[in-house]
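# Pasted the sequence and its predicted model underneath.
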Amino acid sequence: MLTKHYHALRNSPLGVRMANSPIGRRITQSPLSARITRYTLGSVVAAGTSAIVFAMLYVSGVGTTTCSVVAFVAGAIPNWILNRRWAWRVEGRVAFGREIVAYVLVSLATLFITAEATGWTSRQVQSIPAHHGIRVLLVTASYLAVFAILFAARFAVYEVWIFSGRSRVRAALRSRIQVRSAARANRTP
């Protein structure tokens, strides 16, 4: 469904004008730069979703760890869909080990870091009166800062491992089985 909307936008007069502009040509001139652009836009959507959910929960008096977890999940869902289907254009069956497990591991590491960063920031800003809104802005900014810092690292992991389309583990296991089979066939009784 997302791909259908993307093609409709791309083929619209505005989409054609944007694609033919100097900036549009520059950010889509190679497959890698187009992927980076789509990853960036998907990350902005996910970060925006997360930031809104985080701020709403934090203002409601929810603890920073719970805010981080709920906001992270709220952003991870559109992030997964946009990265897999739009940025890397992977369709069809999900490679459970490489895509799901690896994405969850990267997400859990990011979640741990965001929970720690927001908890630390929240403890540091307790002297600021809650009614000014500055406290919410600072804690939410620390949440977003983690995503900004990990932006390039996550792209590299997605590009090389998660959405690469090749499973190095599966290839290594196949190779090992083939070597064993060939060695057995070459033995003399």
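It's in. Residues are numbered from 1 along each chain as shown.
# ok, now how distant is the residue nearest the centre of the chain from residue 125?
Centroid-nearest residue in the chain, with Cα atoms, centre = their mean: residue 79, separated by 5.1 Å. Relative to residue 125, residue 79 is positioned 27 Å away (Cβ to Cβ, to the nearest Å). Using the backbone N, CA and C atoms, a C-beta is placed for each residue, glycine as well.
# Determine the longest helix present in the protein.
The helix that spans the most residues within the chain, counting by DSSP state H, is helix 31-59.
# what about residue 58, neighbour count?
22 (other Cβ atoms under 10 Å).
# Oh, that last question was meant for residue 45, not what I typed.
Residue 45: 15 surrounding residues under other Cβ under 10 Å.
# What distance do you get for it to residue 114?
In this view, residue 45 and residue 114 are 17 Å apart by Cβ to Cβ.
# Kindly report the same for residue 100.
21 Å.
# Specify which residue of those two has the higher count of neighbours.
Neighbours were counted for residue 100 and for residue 114 using other Cβ under 10 Å; residue 114 has more, 26 against 13.
# Using the three-state scheme, assign the more buried one.
helix (DSSP: H, G, I helix; E, B strand; the rest coil).
# Can you list the buried residues in the longest helix of the chain?
35-36, 38-39, 42-43, 46-47, 49-51, 53-55, 57-58 (16 or more other Cβ atoms under 10 Å).
# now for that helix, which elements pack on it?
helix 22-27, helix 64-81, helix 134-157 (3 or more Cβ pairs under 8 Å, 6 or more residues apart in numbering; DSSP states H and E).
# Put together JSON lines for those, with distance to residue 106 and mean pLDDT on each row.
JSON lines is the format used below for those (distance: least, Cβ to Cβ, whole Å; pLDDT from 0 to 100):
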{"stretch": "helix 22-27", "distance to residue 106": "25", "mean pLDDT": "64"}
{"stretch": "helix 64-81", "distance to residue 106": "10", "mean pLDDT": "91"}
{"stretch": "helix 134-157", "distance to residue 106": "6", "mean pLDDT": "91"}
